[in-house]
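*Asks:* need a structure here:
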Amino acid sequence: MTVPTGTPGSAGGRARERTDVADVSLGELLGNVSHDLSTLMRQEVALAKAEIKAEATKAGKGGGMLAGAGLAGWLAVLFASIALWWALANVMDEGLAALIVAVLWAVIGGVLFATGRRTLRTMNPTPERTVDTVKQVPDALKGNMS
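*Replies:* Numbers count the residues shown, from 1 in each chain. Predicted structure coming up:
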């Protein structure tokens, strides 16, 4: 009894047929298993590459849009600062108005710097869950799951 496996275009474009196990030597069975595992690994790597490429493309597009948004935001802040400077210049000297706007931005920058530094100091760069699961792999392969 033969059972066709594989489809044209898979595993290098060739279809294999498996025969009844009683008619096949142990060496041939091990060769078939090795070939099937090799094919499976190649297909998994190809799938992973395709998925990563698709995600990288989406990330690139998203990053470009964020860069555009950052530029638009910077320009909005720039022109709002100039408008504030002109508004203050109507009631005081232009040099003093510019200094007030500059000091306002210095305060905002200082607060953002302090907040960002505090956030980064609490960051743990080690991927703890990944380290734990990698440590479990040898035990899982030995059958000693805990």
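*Asks:* Where do the strands of this structure begin and end?
*Replies:* Applying DSSP state E to the chain gives strands spanning 3-5, 16-18.
*Asks:* how close does Thr130 get to Gln136?
*Replies:* As judged by C-beta to C-beta, to the nearest Å, Thr130 and Gln136 stand 11 Å apart. Using the backbone N, CA and C atoms, a C-beta is placed for each residue, glycine as well.
*Asks:* Give me the more crowded residue out of the two.
*Replies:* More crowded of Thr130 and Gln136, by other C-beta atoms under 10 Å: Gln136, with 12 against 9.
*Asks:* so how far is Thr126 from that one?
*Replies:* 16 Å.
*Asks:* and what of Ala50?
*Replies:* In terms of C-beta to C-beta, Ala50 sits 30 Å off from Thr126.
*Asks:* average pLDDT across the helix ranked longest in the chain?
*Replies:* Assignment by DSSP state H gives helix 26-89 as the longest helix of the chain. Averaging the model's pLDDT scores along helix 26-89 yields 91.
*Asks:* Neighbours of Asn32, how many?
*Replies:* Neighbour number of Asn32 under other C-beta under 10 Å is 14.
*Asks:* same thing with the one 10 residues further on?
*Replies:* The local packing count at Arg42 equals 12, with neighbours defined by other C-beta under 10 Å.
*Asks:* Ser81 now?
*Replies:* Around Ser81 there are 15 residues (other C-beta under 10 Å).
*Asks:* I'd assumed Val101 was in contact with it.
*Replies:* Yes: judged on C-beta atoms under 8 Å, Ser81 makes contact with Val101 at a distance of 5.4 Å.
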